[in-house]
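Chemist: Okay, structure incoming, though there's no sequence with it:
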Ligand code: SRM
Ligand SMILES: Cc1cc2nc3c(=O)[nH]c(=O)nc-3n(C[C@H](O)[C@H](O)[C@H](O)COP(=O)(O)OP(=O)(O)OC[C@H]3O[C@@H](n4cnc5c(N)ncnc54)[C@H](O)[C@@H]3O)c2cc1C
Ligand code: SF4
Ligand code: FES
């Protein structure tokens, strides 16, 4: 038995060959896959649309494995012992079928014009189709259908979901949960047509899709239709080779994953194990491991798997674990907050059987491991307090990671036996947490409980978190990095702790960032008070508070750019960026700008960036307050404030929200009575809308609340943690934040106010201060031994009438 | 060995680098906290930009290092070896102080 052939190269095939390699199999392994690349992370497929590359999703091919990609197996000759492909035959001693499944497309007229959602190529096709479309519809309101609909929405389409059952996700939630889920989904802007089937995909004369006709005759307008109406196991090879298949499809296997031919195994979504097709990656992986062990002479067996699921749709938590009914059940429903939680319990009210959660999936993480075990606390505690289960001790055999079949005991062994000291260590040892990630909070808890000090260390030089270092510097009145690292750290620092400490010193003392020893702590951007670009030049962004600027100042910017040959661009922050300056040009550029009344815009700092504004009541016919005036006041108040990460803000003059204030760390929206303050928003990789902190504030109240919000953030956030993540990390979240900064529950407010007053009183423009100091200025040269010489490696080409970086020859 | 003067030793900030042009070679010279000097090629091999002299100086497990200001790969100031990517190394040059002046040899 030295030739193993695998047909199909999906996640199950990958796990199979990986396990074989781990176990030291020394024969020949060939994988035949019809897709153009090795297996990739299908669970994370949707992230491909938001920029994750195909390479990032693709799993590495284990050493020694021969792959035949772009190749479909068309037959199996069991007599001769080989697999037939378009270009020949592949002999095997053991054959493993891992052909997965295909999306089910119902045979309705026009179905040939629809898309499915399973492979990278499917997503490429959908992306292209979405370019010329305004609306899209997904057929199927299950886990995958919702994910596909959200993807259509992210591609800019108005998305519809058509679901046959009376409510969404019928396999995971009951009717009550379904109705709460529907309101969440609609809030995301998706429209839901439940209880409706598909009669026809409607096309115009030229074969272009125009909509989907429901059985009642009404048409949902859409130019893109995606089917996500279930999967069918790909058992065609097995069928034609005469292997046993199930009545409704699937290759019949025993608990060793063996088919009706002992030389042929089947694993993953194509396998019918115990009469079930498993459409989740966790069980597929387990099957792959079982088959690999069996082939290597082991005795592993597959005896069913957990089908718990948690929806990954941004913003809406939906989860189901264990059984979906039971003799007794306890329900908690809060339609206002959009939360529905239900637990199923045995008739003696002792054993937890399963649960459903919508709007708050915390019980999924905390209670899933208790399925089939005695209830760890009264059900009402578990449901109502939400965190009731957080402090429970898990039995060793409780499954923590269902994707990779890892129990609490395995994790404890990894911690105690193999010295896994953090989540990364546990992942490496056990694979727990490496697939869907939903068990990671549980891993952290197990680490904390096992007495392992979960490392909060900033880096190898400090065993403290940023917040702890902030307090040390504040309370012990430490003035320099040297003092801090000598007294409280080890070694000499690095690119992580130095800028972090520089930021703490700047927040607390507000001196010049290039003063004395601090000059050596700054990242290159802060060290040169400009933003480094890919060719080693810098960009210059003068402050344009609120985005308001006079024609004269615009002309100055134009002249400076022209005279220094800089590339200019309007930024996303309502100001102007001048690119391509060499270090020795920076002071001359600042001089011109400062003389015209400009100052640094801190585009380079972890600091307040911009406060954007809309037109507001001065000009706009809808405006109810002067948003421009407020934005300028706030930008000038907080300019230069150094913080754990950058801080952005915006002010809108009415509820139409043209300044996009809710995508900012703090956003202000004018009301008839005053100002609404929103906090914790951001754009970027993981966009998040800010939440309402307080309503109808007067101008004074608004400013006082923002002062405290910012200072409390600066004191307690982690390094590079924006306000959204910081608020999420606060025990008690937004309510707790309100208590601290609006009701002064910690008695901190006077201190926070004083700290902000100090900042405002001591603010000075960094460019001006640098120009005034010959010592600091002397560092702005390309070469110390040839101060007048420009860096010869910096050369430019041209594009659309402006410079662009080019490569020196 | 020919030595090229760079600048006064006292003009160099501890824990920071400067760049010198020697013929057409760019040399990044660093002064660490203990007064020692190190010289590496200024070119960041990952980006091709001439910027290493502007990186943050520090230590990793006691070894003096500089982090590229572009994408933060860390290089040993002693060997020029990239500590984040085994196969990558930047040239190291001899450096000394003579009569209060820092000199490098390329
Ligand atoms: C220049 C600008 C692009 C433009 O031409 O429009 C820009 C340029 C950079 N952005 Fe940005 N961002 C710019 C507006 C934005 C915006 C839009 C906005 O502010 O309204 C966003 C989304 C809003 C937000 O931040 O929440 C944005 C989200 C990011 C992020 C992701 C932040 C996140 O929390 O996920 C990064 C990465 C980071 O900061 O770690 C980033 C990082 C960067 C860096 C610093 C990347 C780098 O390290 O070099 C770029 C600096 C280049 C330079 O020389 O200025 N930039 N960046 C914009 C400058 C605005 C300004 O006037 O200061
Ligand atoms: C968008 C999306 C999101 C998902 N999210 C989750 C999730 O959150 N959690 C979860 O548990 N599961 C999720 N799943 C399901 C999970 O991806 C599957 O359970 C898993 O991919 C099954 O792996 P497999 O290897 O059995 O089958 P597949 O991934 O289908 O791989 C089979 C491979 O075999 C190839 N093949 C078939 N026949 C032949 C042949 N004759 N010759 C050559 N090659 C052939 C196919 O082209 C395919 O590449 C998701 C699926 C999708 C599509
Ligand atoms: S999005 Fe921002 S960070 Fe990314 S390339 Fe554009 S400017 Fe740079
Ligand atoms: S449960 Fe999915 S990675 Fe652990």
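Modeler: Looks like it came in fine. The structure presented is a predicted model; accordingly, all values stated were derived computationally and were not measured. Residues are numbered from 1 along each chain as shown, chains lettered A, B, ... in the order given. Ligands and ions are numbered 1, 2, ... in the order given.
Chemist: after the strand or helix carrying residue A:291, next one along is what?
Modeler: Assigned by DSSP states H and E, residue A:291 falls within helix A:281-295. Later in the chain than helix A:281-295, the nearest helix or strand by DSSP H and E is strand A:309-310.
Chemist: so what does the very next helix or strand once past that following strand touch, helix or strand wise?
Modeler: Using DSSP H and E, the next helix or strand after strand A:309-310 towards the C-terminus is strand A:318-322. Applying 3 or more C-beta pairs under 8 Å, 6 or more residues apart in numbering or on different chains; DSSP states H and E, we find strand A:318-322 packed against strand A:309-310, strand A:352-358, helix A:362-367. All C-beta spots, glycine's among them, are computed from the backbone N, C-alpha and C.
Chemist: try it again with 10 Å
Modeler: helix A:143-154, helix A:175-187, strand A:309-310, strand A:339-345, strand A:352-358, helix A:362-367 (3 or more C-beta pairs under 10 Å, 6 or more residues apart in numbering or on different chains; DSSP states H and E).
Chemist: Now do the fourth one against strand A:318-322, angle only.
Modeler: Per axes from the mean of the first three to the mean of the last three C-alpha atoms, to 10 degrees, the angle that strand A:339-345 makes with strand A:318-322 is 0 degrees.
Chemist: any idea of the angle strand A:339-345 forms with helix A:175-187?
Modeler: Using the same axes, to 10 degrees: strand A:339-345 against helix A:175-187 is 150 degrees.
Chemist: Parallel or antiparallel, which strands does strand A:339-345 pair with?
Modeler: Paired with strand A:339-345 in the same sheet, following DSSP bridges, are strand A:328-334 (antiparallel), strand A:352-358 (antiparallel).
Chemist: out of those strands, nearest to ligand 4?
Modeler: strand A:352-358 (15.2 Å; C-beta to the nearest ligand atom).
Chemist: how much distance is there from that closest one to the middle of the chain?
Modeler: 26 Å (C-alpha atoms, centre = their mean, to the nearest Å).
Chemist: For it, which residues meet the burial criterion?
Modeler: By 16 or more other C-beta atoms under 10 Å in any protein chain shown, the buried positions in strand A:352-358 come out as A:352-358.
Chemist: between these, which is closest to residue A:261?
Modeler: Using C-beta to C-beta, the shortest approach to residue A:261 within those belongs to residue A:354, at 37.1 Å.
Chemist: And the helices in the stretch 451-600 of chain A?
Modeler: Here the stretch 451-600 of chain A has its helices, by DSSP state H, counting those that start in this stretch, at A:466-475, A:481-488, A:497-509, A:524-528, A:551-564, A:586-595.
Chemist: Could you dump these into a markdown table with distance to ligand 4 and mean pLDDT added?
Modeler: Shown next, in a markdown table, are the helices of the stretch 451-600 of chain A (distance: least, C-beta to the nearest ligand atom, whole Å; pLDDT from 0 to 100):
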| stretch | distance to ligand 4 | mean pLDDT |
| --- | --- | --- |
| helix A:466-475 | 28 | 91 |
| helix A:481-488 | 37 | 94 |
| helix A:497-509 | 31 | 93 |
| helix A:524-528 | 37 | 95 |
| helix A:551-564 | 51 | 98 |
| helix A:586-595 | 48 | 97 |
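Chemist: what residues does stretch A:790-808 touch?
Modeler: Contact partners of stretch A:790-808, identified using C-beta atoms under 10 Å, 6 or more residues apart in numbering or on different chains, comprise A:533-537, A:561, A:565-569, A:579-580, A:582-585, A:781-783, A:809, B:19, B:21, B:24, B:26, B:42-43, B:48-51.
Chemist: Among these, name the buried ones.
Modeler: Buried by 16+ other C-beta under 10 Å: A:533, A:535-537, A:561, A:566-568, A:579-580, A:582-585, A:781-783, B:19, B:21, B:26, B:42-43, B:49-51, out of those.
Chemist: can you give me the offset of whatever helix or strand residue A:632 lives in from its chain's centre?
Modeler: Applying DSSP H and E as the criterion places residue A:632 in helix A:627-638. Offset of helix A:627-638 from its chain centre (C-alpha atoms, centre = their mean): 32 Å.
Chemist: after it, next one along is what?
Modeler: Going down the chain from helix A:627-638, the next helix or strand is strand A:647-652, by DSSP H and E.
Chemist: how does chain A divide into domains?
Modeler: Residue ranges for the domains of chain A, per automatic domain parsing: A:3-103+A:232-295, A:111-229, A:306-388, A:393-454, A:477-522, A:531-762.
Chemist: Does the second one reach ligand 4?
Modeler: No. For domain A:111-229, no contact with ligand 4 is found by C-beta under 6 Å from any ligand atom; the gap never falls below 13.7 Å.
Chemist: do the fourth one as well
Modeler: Yes. Judged by C-beta under 6 Å from any ligand atom, domain A:393-454 comes into contact with ligand 4 at A:401-404, A:432-439.
Chemist: Now do the SS call for the residue of the stretch 351-500 of chain A found nearest ligand 2.
Modeler: Ligand 2 sits closest to residue A:436 of the stretch 351-500 of chain A, with a gap of 5.3 Å, by C-beta to the nearest ligand atom. Following DSSP: H, G, I helix; E, B strand; the rest coil, the label given to residue A:436 is coil.
Chemist: Would you confirm that it contacts residue A:319?
Modeler: No. Using C-beta atoms under 10 Å as the test, residue A:436 is too far from residue A:319 to be in contact (11.1 Å).
Chemist: And those two? Which one has more around it.
Modeler: residue A:319 (25 against 19; other C-beta atoms under 10 Å in any protein chain shown).
Chemist: The more buried one bridge partners, please.
Modeler: On the basis of DSSP bridges, residue A:319 is bridged to residue A:310, residue A:357.
Chemist: Could I get the pLDDT score of it?
Modeler: Confidence at residue A:319, expressed as pLDDT, is 86.
Chemist: can you check residue B:47 too?
Modeler: The model's pLDDT for residue B:47 equals 90.
Chemist: what's the answer for residue A:54, then?
Modeler: 93.
Chemist: now it, nearest residue through space, not along the chain?
Modeler: Using C-beta to C-beta, 6 or more residues apart in numbering or on different chains and skipping residues adjacent in sequence, the residue nearest residue A:54 is residue A:120, 5.3 Å away.
Chemist: Give me the phi and psi for that neighbour.
Modeler: Torsion angles at residue A:120 (phi, psi; degrees, to the nearest 10) stand at phi -60, psi -40.
Chemist: what number of residues lie near residue A:787?
Modeler: Per other C-beta under 10 Å, the neighbour tally for residue A:787 reads 12.
Chemist: Kindly report the same for the one 3 residues further on.
Modeler: By the criterion of other C-beta under 10 Å, residue A:790 has 13 neighbours.
Chemist: and the closest residue to residue A:399 other than its chain neighbours, how far is that from residue A:369?
Modeler: Spatial nearest neighbour of residue A:399, chain neighbours left out: residue A:407 (5.3 Å); criterion: C-beta to C-beta, 6+ apart. Distance, residue A:407 to residue A:369, using C-beta to C-beta, to the nearest Å: 8 Å.
Chemist: next one: residue A:577
Modeler: Residue A:577 sits 51 Å away from residue A:369, going by C-beta to C-beta.
Chemist: who touches whichever residue of the stretch 351-500 of chain A sits closest to ligand 1 in this structure?
Modeler: Residue of the stretch 351-500 of chain A nearest ligand 1, by C-beta to the nearest ligand atom: residue A:499 (12.5 Å). Counting by C-beta under 10 Å, 6+ apart, residue A:499 makes contact with A:493, A:521-523, A:525-527, A:606, A:719-720, B:56.
Chemist: What subset of the residues you listed is buried?
Modeler: Of those, these count as buried by 16+ other C-beta under 10 Å: A:493, A:521-523, A:525-527, A:606, A:719, B:56.
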